[in-house]
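K.L.:
after the sequence you'll find the predicted model.
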Amino acid sequence: MINSSMKNPIYKILFAYFVIAAFTIYYFDGTGDAGDSISHFLFAKYAPHHPELYFNHWAKPVFVLLASPFAQFGFVGMKIFNALISLLTIFFTYKIAEQLNLKNAIIVCAILIFTPVYFALTFSGLTEPLFALFIALGIYFLLNEKYLAACILFSFLPFVRSEGLILLGVIGIYLLAKGKWKSIPWLATGHIIYSFAGYFVYHDLLWVFRKIPYATMESVYGHGNLAHFAQQLFYFFGLPIYILFALGLLSIIWSSIKMKSNYQEQILFLLGFLTFFIAHTLFWYFGIFGSMGLTRVFIAIMPIMGIIALKGYNFLSEEIFGKMKIPQLLIKGLFLVAVIVFPFTENHAALNFDRDLKLTEDQKAATETAKFIVEHDWKNHRAIYAHPYLGMALNIDPFDSSKRMELNKGVFNELKYGDIIIWDNLFALNDMKISKEDLDGNSELTSLYNSHVVENGREIFFSVYVKK
């Protein structure tokens, strides 16, 4: 006899999501992102060979630790890891909605699953999905008054993504509001453990602060306007969920003004979102802390935003149309259908399967470049490159300096006979500021290969040289 709890629709939804995720992983070869996604995967894959990578602040120690076993099976393993993480995030976000006694709790699953950016970047090597799970599970513990477990879990957030430092303050405020100030010191657990564990690598107990890669008041990526993320959230959510989220945000703010909102909504969700949103807005506006203005960062707080959007759904269906059953059912059905259908429309904010779930043209060009190197017996020569995907395409350990070095300005003084230099106009040119003319004008290099492709009007170049 099947346990009655298993008849809950959540399990059918999770099974459906599992099937969709399995199909997506099998059928689509994309990596979700051509840069950071690949780099995080490579850190996780080669950490067993280079234990110091488990304590790399950029790679995120907790992410590397948890993802590493999956990464040993290639990038497919990485996508399986993040898909399982997202499945758990959906489940615990639903449990949060239940714990808050929110009506239509099951709708939050659709909100998460059919947010286009969240779905597409689940199948990547990015750290945002794991951060989202920590948020969902941590809030679930708080609402169930498991404060010790919540504090210990939240304490490791900064080692999943650096924004964890920001949200620890919000959690501290919540604990004070609950009168659980004795639990607050446990929020330091992650830093204490990693300080001592990483000491054997850095010989510095303060490495957890001194090695933060974003602790700089400048960014090579420039800066933007204050409205950037407010505008980009439309493209993050898509129109239907964007409307629900805006309504939910306004309803919580209005309830707070009217003193009808509880402190759980005010602190964990309203303050949690606003703190994250305002911080990233200011980072991008002032061009600090390495901000790139990427909208994908909001995947990290998807459980918080999902609950806010659910509040918007309930505000629209239960409060505005609560006394009119037929209009209420109609609006609930229309918005649910819109949420599900929108990602498959032609809208710019919807899913684009070629763009979002398949290899990009520069990754394909990197693959062809790697094939040339292998076919001409250059594979065993040391490779010098900047494009992260070449590490996968060449199937070499990018952290072994005898096999690979970063293509940067300083590397030209370290080149040896037979070294293979691979230049591209994305990472080598934009990030490392090395132009093709720098290589063509170097008399110690011989040009071996050049390729040129165009993707949506963007020109992509790869060139291969050998050191004489």
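P.N.:
On my side now, so go ahead. Please read these numbers as outputs of a predicted model, since none were measured by experiment.
K.L.:
confidence-wise, which helix or strand of the protein is lowest on average?
P.N.:
Lowest by mean pLDDT, DSSP states H and E among the helices and strands of the chain is helix 263, with a mean of 75.
K.L.:
same for whichever helix in the chain runs longest, what does it pack against?
P.N.:
If you go by DSSP state H, the chain has its longest helix at helix 75-99. Applying 3 or more CB pairs under 8 Å, 6 or more residues apart in numbering; DSSP states H and E, one finds that helix 75-99 contacts helix 9-27, helix 36-46, helix 61-71, helix 107-113, helix 116-122, helix 128-143, helix 302-314. (Glycine included, C-beta is placed from N, CA and C.)
K.L.:
deepest of those, which one?
P.N.:
Compared across the helices and strands packed on helix 75-99, helix 302-314 shows the largest average neighbour count, a mean of 28 (mean count of other CB atoms under 10 Å).
K.L.:
quick one: mean pLDDT for that one?
P.N.:
The pLDDT scores in helix 302-314 average 96.
K.L.:
helix or strand right after it?
P.N.:
Going down the chain from helix 302-314, the next helix or strand is helix 325-341, by DSSP states H and E.
K.L.:
for the record, mean pLDDT for the helix or strand following that next one?
P.N.:
Moving toward the C-terminus from helix 325-341, the next helix or strand (DSSP H and E) is helix 353-357. Across helix 353-357, pLDDT averages out at 90.
K.L.:
which residues are contacting helix 353-357?
P.N.:
Defining contact as CB atoms under 8 Å, 6 or more residues apart in numbering, one finds that helix 353-357 is touched by T24, F28, G30, G32, P116, A120, F123, L351.
K.L.:
before we move on, the earlier item: can you lay out the helices and strands packed on helix 75-99 as a markdown table showing distance to K95?
P.N.:
What follows is these, written out as a markdown table (distance: least, CB to CB, whole Å):
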| stretch | distance to K95 |
| --- | --- |
| helix 9-27 | 8 |
| helix 36-46 | 28 |
| helix 61-71 | 21 |
| helix 107-113 | 10 |
| helix 116-122 | 18 |
| helix 128-143 | 5 |
| helix 302-314 | 10 |
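K.L.:
picking that back up, and the angle from the longest helix of the chain to helix 9-27?
P.N.:
If you take axes from the mean of the first three to the mean of the last three CA atoms, to 10 degrees, helix 75-99 sits at 160 degrees to helix 9-27.
K.L.:
run the chain-centre distance for helix 75-99.
P.N.:
In this view, helix 75-99 has its centroid 13 Å away from the chain centroid, taken as CA atoms, centre = their mean, to the nearest Å.
K.L.:
what sits up against stretch 33-44?
P.N.:
Here stretch 33-44 has contacts from 31, 53, 56, 59-60, 63-64, 67-68, 70-71, 75, 78, 121, 124-127, 296, 360, 362-363, 388-389, 391-392, 398-399, 426-427, using CB under 8 Å, 6+ apart.
K.L.:
swap in stretch 97-114?
P.N.:
Residues outside stretch 97-114 that contact it (CB under 8 Å, 6+ apart): 9-10, 13, 17, 86, 89-90, 93-94, 118-119, 140, 143-144, 238, 241, 244, 264-265, 302-303, 306-307, 309-311, 313-314, 317-318, 332, 336, 339-340, 342-343.
K.L.:
next: stretch 397-412.
P.N.:
Outside stretch 397-412, the residues that reach it (CB under 8 Å, 6+ apart) are 42, 46, 49-50, 53, 382-386, 391, 396, 414, 421-423, 428, 432-434, 442.
K.L.:
what subset of those residues is buried?
P.N.:
Buried members of the contacts of stretch 397-412, scored by 16 or more other CB atoms under 10 Å, are 42, 46, 53, 382-386, 391, 396, 421-423, 428, 432, 434.
K.L.:
mind checking which of those residues are in strands?
P.N.:
A383, I384, Y385, I421, I422, W423 (DSSP state E).
K.L.:
ok, the residues you listed vs L165, which is closest?
P.N.:
Y385 (32.7 Å; CB to CB).
K.L.:
and the residue nearest to the closest one when sequence neighbours are not counted, what is it in contact with?
P.N.:
Excluding its sequence neighbours, the residue lying closest to Y385 (CB to CB, 6 or more residues apart in numbering) is I422, at 3.9 Å. I422 is in contact with 369, 373, 383-385, 387, 390, 407, 428, 462-465, counting by CB under 8 Å, 6+ apart.
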